[in-house]
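Participant: curious how this folds, go ahead:
(2 chains)
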Amino acid sequence: MIELNPIIELIILNFSIGLIVTISLNIEVGFLRIPQFGRLLAVIAGAINVAAIPGRILALYLGLPAGIEYSDHMYNARIVLQIDNWLSQNPLLSVCIFLFSLILAAIIGGIIGYLCAYPAIRLKGAYLGITLLTFGEILASIAWNYPHLVGGTTGIFVINPFKFIGKGVSSLITLTILAIAILLFIYSELLARSPFGRMLKAIRDSEVAAEVYGKDAVKARSQTLIIGGAIAAVAGALWTFYTGSMKAATYTRLTWTFWPWAFMMLGGVGNNLGIFVGVLLFTFTRIGIILYKHQLGNILPIATEWLEYILVGLAIIVIILFRPQGLIPERPTLTLPRQDIEIIKRKAIESSDTETSQVR
Amino acid sequence: MLDVTLIAKAIVYSISIALGAAGITLIYTATKTFNFAHASMVGWGVYIVFTFLYFYGGIPHVYLPIAFLFSGALGIITYLLVNRRLIMVKASDINLMMSTLGVDLIYFAFLNIFADYLMYTHKIGIAKNFVLEARDIELNVYGANIKLTWIISPIVLVTVFVWLYTLFTRTRLGIAMRATIENPELAQLQGINPDIVYLLSWFIGGGMAGLAGSILAMIFTGRPSIGMETVVTFFAGSIVGGLYTVYGSFIGGFLVGLSEYLIPSLLAPVIGSWIYSFKMVIPLIIMVVTLLLQPSGLGMLIEKVIKR
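Facilitator: Take a look at the predicted model:
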């Protein structure tokens, strides 16, 4: 199999995962203005699902310990290794397990989105944002403190469904993630152009007006949360498959909630092309900082990871202060290509002209 | 089980949460900005006390006012550079929140750079992991060992509370602040400058974050991420308090802190010691339940009782 240059792989990976999370955030924040500060919740749920469920099912099937022992760091590595070896002889099953895990993650994310709809319908603004943020913190805290689920503080290993190809596993997973990210991007673009997407934007701009036209704002809100939660959970699942292990400490609100927010605000809220550009810019900046760490370290008297924080913080502030609509502002989405709309317009004008001439 | 040390520590912790939560609420009521930067302001409070203690010695509590002033100054900087302009253009709730998040990241980065500076330039090995509790003074009152923090922190809480109360009810400035919070346009017609009111509330709110941090440092291990880790509890305190009266969030923060510290200890003998690892979950659950059952918070409940 092909093996990517590690740097290119890092760029593709960061970009794709960032894009998936930001797409899910954009569907909720950009299309419907739900202050989703709890993106971490669905992401970590997807990650927990991948770490805890497929491995346990296979362990049960193979007659290996699947209960508390599975998440015990004494046994976990050995159990996962056995499962991996068995999976490497069954390529078709491996792919099925991979897809099954992603679908399960999406379902769990959807359920979480549905549960989040309960407060999202009742609360608004800062209250809702903080409640959702808290939900995320509760799940992260449970994953961190409860060792029997995903190993708690020590973390556990995750099965590797691509072991059958031999070398270049990480490259293949990276390319798979990129493919899924592109598919989800197309989905999000189609969603924005669909009647549903336009309904969401109508509700966002004026809830009362949309309700006058018979649109159910409450239902739309819970549907949006379900879609967003499902996509975010898939991102968490993919990231866990790539890293090959699940450590609750690596899932923080900073990396999985606030940075996607920064990507989105930089590119343009509610605009798919904008978030694409935003994620791309941030990815290159971050990889650049990582690559030129030593050179930067010689020039600047500070540790370079703080430079990243300062840059992200400054980007957020500058964008909100001077260009709140983002680099690429949202434009009205057209249901048909522009040429078709022009033709229809022209026809309409012609027909009205003929009508008026007939009247004369 | 419950003993004196545990209860005393729980009270100190609750006082810290109460001060921080009240700071968040003060800024929110005045400027409609939910301040994420509170996390780093708390962290800076911790580090100010540590640094002064390291270079000038003495007892840690002497430096509380300096922590207040420093974090207050951070609040003023946030207002002047970021928040002021956003309030003028009437930015949305979400944009106000996100802007303070950007500020938080920058303050957090500078706090870490400062800790690095202490560690590598001044060769302070403990700069990223210190226990100020060891520098606390133990008093012997009638044969019982009492730490100075146990006495100082309630005094700080009462002082701040009484000061805020007199400010809001007895002084022209405080009444002007209340008027602006109630109705900015009407207050402006009366000749009140909202700019000064917002500036002052950022200063007091930020300063209270600094106080909260420096009290927190007396019971927890100090590290740059201390604010980041505890800030969700501060949020919980201010939401339980109702997010619109400062007095309510004093009570809300105190209750949240107390329950986080005491409930695991009370439950542990009954259901086992695993409950300790879920300590963090308790304040968050209290907050979620409050939001869903009584979204207006404790402040509203208390007001209802008083009016009756």
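
Participant: for A:Leu132, see how far away the residue in the stretch 101-250 of chain A that chain B sits nearest to is.
Facilitator: Nearest to chain B in the stretch 101-250 of chain A, going by CB to the nearest CB, is A:Asn145, at a distance of 3.7 Å. Heads up, the C-betas are built off the backbone N, CA and C, glycines and all. Taking CB to CB, to the nearest Å as the measure, A:Asn145 falls 21 Å from A:Leu132.

Participant: compare neighbour counts for these two and give me the winner.
Facilitator: More crowded of A:Asn145 and A:Leu132, by other CB atoms under 10 Å in any protein chain shown: A:Leu132, with 25 against 18.

Participant: which non-adjacent residue is nearest the more buried one?
Facilitator: Leaving aside its sequence neighbours, A:Leu132 sits nearest to A:Gly38 (CB to CB, 6 or more residues apart in numbering or on different chains; 3.1 Å).

Participant: check B:Tyr198 too.
Facilitator: B:Thr31 (5.2 Å).

Participant: that neighbour contacts B:Ile87, doesn't it?
Facilitator: Yes - B:Thr31 lies in contact with B:Ile87 (CB atoms under 8 Å); the separation is 6.0 Å.

Participant: ok, then the element right after the helix or strand that contains A:Leu139?
Facilitator: Secondary structure assignment for A:Leu139, by DSSP states H and E: helix A:125-145. In the C-terminal direction, the helix or strand that comes right after helix A:125-145 (DSSP H and E) is helix A:147-150.

Participant: just checking, what packs against that following helix?
Facilitator: helix A:39-61, helix A:125-145 (3 or more CB pairs under 8 Å, 6 or more residues apart in numbering or on different chains; DSSP states H and E).

Participant: repeat that for 7 Å
Facilitator: Judged by 3 or more CB pairs under 7 Å, 6 or more residues apart in numbering or on different chains; DSSP states H and E, the packing partners of helix A:147-150 are helix A:39-61.

Participant: pull the residues that contact whichever helix or strand comes after the helix it packs on.
Facilitator: Note on helix A:39-61: by DSSP H and E, the next helix or strand toward the C-terminus is helix A:73-88. For helix A:73-88, contacts defined as CB atoms under 7 Å, 6 or more residues apart in numbering or on different chains pick out A:55, A:58-59, A:62, A:64-65, A:69-70, A:93-94, A:151, A:154, A:156-157, A:159-161, A:163-164.

Participant: would you mark the buried spots in helix A:73-88?
Facilitator: For helix A:73-88, a neighbour-count test (16 or more other CB atoms under 10 Å in any protein chain shown) marks A:Asn76, A:Ile79, A:Val80, A:Ile83, A:Asp84, A:Trp86, A:Leu87, A:Ser88 as buried.

Participant: can you give me the mean pLDDT across that helix?
Facilitator: Model confidence over helix A:73-88 averages 86 on the pLDDT scale.

Participant: could you check how far the residue nearest to A:Leu132 is from A:Ala47?
Facilitator: As judged by CB to CB, A:Gly38 and A:Ala47 stand 15 Å apart.

Participant: other SSEs contacting the helix or strand where B:Trp44 lies?
Facilitator: Assigned by DSSP H and E, B:Trp44 falls within helix B:38-56. In terms of contacts (3+ CB pairs under 7 Å, 6+ apart), helix B:38-56 is packed against helix B:4-31, helix B:64-78, helix B:93-120, helix B:194-216, helix B:226-241.

Participant: what residues does the stretch 151-300 of chain B have near chain A?
Facilitator: Applying CB under 7 Å from any CB of the partner chain, one finds that the stretch 151-300 of chain B approaches chain A through B:232, B:235-236, B:239, B:277-278, B:280-281, B:284, B:287-288, B:291-292, B:295.

Participant: so where's the stretch 151-300 of chain A uncertain?
Facilitator: The model of the stretch 151-300 of chain A has no residue with pLDDT under 70.

Participant: what parts of it come near chain B?
Facilitator: Near chain B, when you scan the stretch 151-300 of chain A using CB under 7 Å from any CB, you find A:Phe258, A:Trp261, A:Met265.

Participant: quick check: the last one touching A:Gly326?
Facilitator: Yes - proximity of A:Met265 to A:Gly326 meets the contact threshold set by CB atoms under 7 Å, at 6.3 Å.

Participant: would you verify that A:Thr154 is located in a helix?
Facilitator: No - assigned with DSSP: H, G, I helix; E, B strand; the rest coil, A:Thr154 falls outside any helix and is coil.

Participant: which residues of the stretch 151-300 of chain A fall in strands?
Facilitator: With DSSP state E, counting those that start in this stretch, the ranges of strands along the stretch 151-300 of chain A come out as A:156-157, A:245-246.

Participant: pull up the pairing partners for the last one, direction included.
Facilitator: Strand A:245-246 has these partner strands in its sheet, going by DSSP bridges: strand A:156-157 (antiparallel).

Participant: quick one: contacts of the strand it pairs with?
Facilitator: A:Ala51, A:Ser71, A:Asn76, A:Ala77, A:Val80, A:Val150, A:Gly244, A:Ser245, A:Met246.

Participant: may I ask you to confirm that the residue nearest to A:Leu132 is in contact with A:Phe135?
Facilitator: Yes - using CB under 7 Å, A:Gly38 is in contact with A:Phe135, at 4.9 Å.

Participant: what's the pLDDT at the residue nearest to B:Ala176 when sequence neighbours are not counted?
Facilitator: Residue nearest to B:Ala176 in three dimensions, not counting chain neighbours: B:Ile192, with 4.5 Å by CB to CB, 6+ apart. Per-residue pLDDT puts B:Ile192 at 89.

Participant: so B:Ile192 belongs to a strand, correct?
Facilitator: No - counting by three-state DSSP, B:Ile192 is not part of a strand but coil.

Participant: distance-wise, check it relative to B:Gly75.
Facilitator: Counting by CB to CB, the gap from B:Ile192 to B:Gly75 is 20 Å.

Participant: the two: who's more crowded?
Facilitator: Set B:Ile192 next to B:Gly75 and count neighbours by other CB under 10 Å: B:Gly75 wins out with 31 against 19.

Participant: contacting residues for that one?
Facilitator: B:Gly75 touches B:Met41, B:Trp202, B:Phe203, B:Gly205, B:Gly206, B:Gly207, counting by CB under 7 Å, 6+ apart.

Participant: among the residues of the stretch 151-300 of chain A next to chain B, who's most crowded?
Facilitator: Each of these was scored for neighbours by other CB under 10 Å, and A:Met265 scores highest at 28 neighbours.

Participant: how close does that one get to A:Arg286?
Facilitator: Distance from A:Met265 to A:Arg286, by CB to CB: 16 Å.

Participant: then A:Ile142?
Facilitator: 29 Å.

Participant: low pLDDT regions in the stretch 101-250 of chain B?
Facilitator: Those would be none, if you go by pLDDT under 70 across the stretch 101-250 of chain B.

Participant: list the buried ones in stretch B:101-120?
Facilitator: Residues of stretch B:101-120 classed as buried: B:101-116, B:118 (neighbour count, 16+ other CB under 10 Å).

Participant: longest helix of chain A, counting residues only.
Facilitator: Counting residues, the longest helix found in chain A (DSSP state H) is helix A:91-122.

Participant: am I right that B:Leu139 is in a helix?
Facilitator: No - going by three-state DSSP, the assignment for B:Leu139 is strand, not a helix.

Participant: list the contacts of the closest residue to chain B within the stretch 151-300 of chain A.
Facilitator: Scanning the stretch 151-300 of chain A for the residue nearest chain B gives A:Phe258, at 5.9 Å (criterion: CB to the nearest CB). Residues in contact with A:Phe258 (CB under 7 Å, 6+ apart) are B:Leu101.
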